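Chemist: prediction below, plus the sequence it came from.
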Amino acid sequence: MTEQTQEPQVETAAQDPEALRQEWVRTQFQKANRFLAEKGILPGKVLIDESRYLVPYVAVWKMEAQKPAKQTYWVMSGDLPTDYVDVKVAQTARDALKHFSMMWQLKAENLIQSGAVQDPTQAKFANMLISRAQSLYQIQQDDKLWG
């Protein structure tokens, strides 16, 4: 009889769903910070208890700025364009998604009405905004996701 040796199973980060989730969250957080910095906003503290994410689709961060002082924003990142709004437009992350959804529908409509969609790049952008706005609306409507 031959003895079979079994290699110990080593779980890599690629196999560990929790590690993948954490990496995605970290990447989206960095993306949100970079986006704010590009807009001239120096990110400060994240209000983690009010932030939400649905891996791998969307993260909504409630972030206080260091500069300009006393400003707080909802910042969205994920499998969609990164965007932000003043916290005054939405009380919760769920409300913020609804706001982004409506805002993007309006942006897409304005692009269409202005005739900018004659440019293939603008047409693609408008269609992407519409698609992502619809997805955001569905996510914010789904009570199972919001407990």
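Modeler: Yep, that arrived.
Chemist: C-alpha from now on. contacts and neighbour counts both.
Modeler: Will do.
Chemist: thought Phe35 was touching Thr82?
Modeler: Yes. The pair Phe35 and Thr82 passes the contact test of Cα atoms under 8 Å, sitting 7.1 Å apart.
Chemist: how about the helices in the protein?
Modeler: For the chain, applying DSSP state H gives helices covering 17-38, 93-114, 120-141, 143-146.
Chemist: for the record, mean pLDDT for the last one?
Modeler: With pLDDT averaged residue by residue, helix 143-146 scores 94.
Chemist: chain center to that helix, what's the gap?
Modeler: 17 Å (Cα atoms, centre = their mean, to the nearest Å).
Chemist: packing partners for it?
Modeler: Counting contacts by 3 or more Cα pairs under 8 Å, 6 or more residues apart in numbering; DSSP states H and E, helix 143-146 packs against no other helix or strand.
Chemist: longest strand in this protein, please.
Modeler: strand 58-67 (DSSP state E).
Chemist: partner strands of it, with direction?
Modeler: Using DSSP bridges, strand 58-67 pairs in its sheet with strand 42-46 (antiparallel), strand 52-54 (antiparallel), strand 72-78 (antiparallel).
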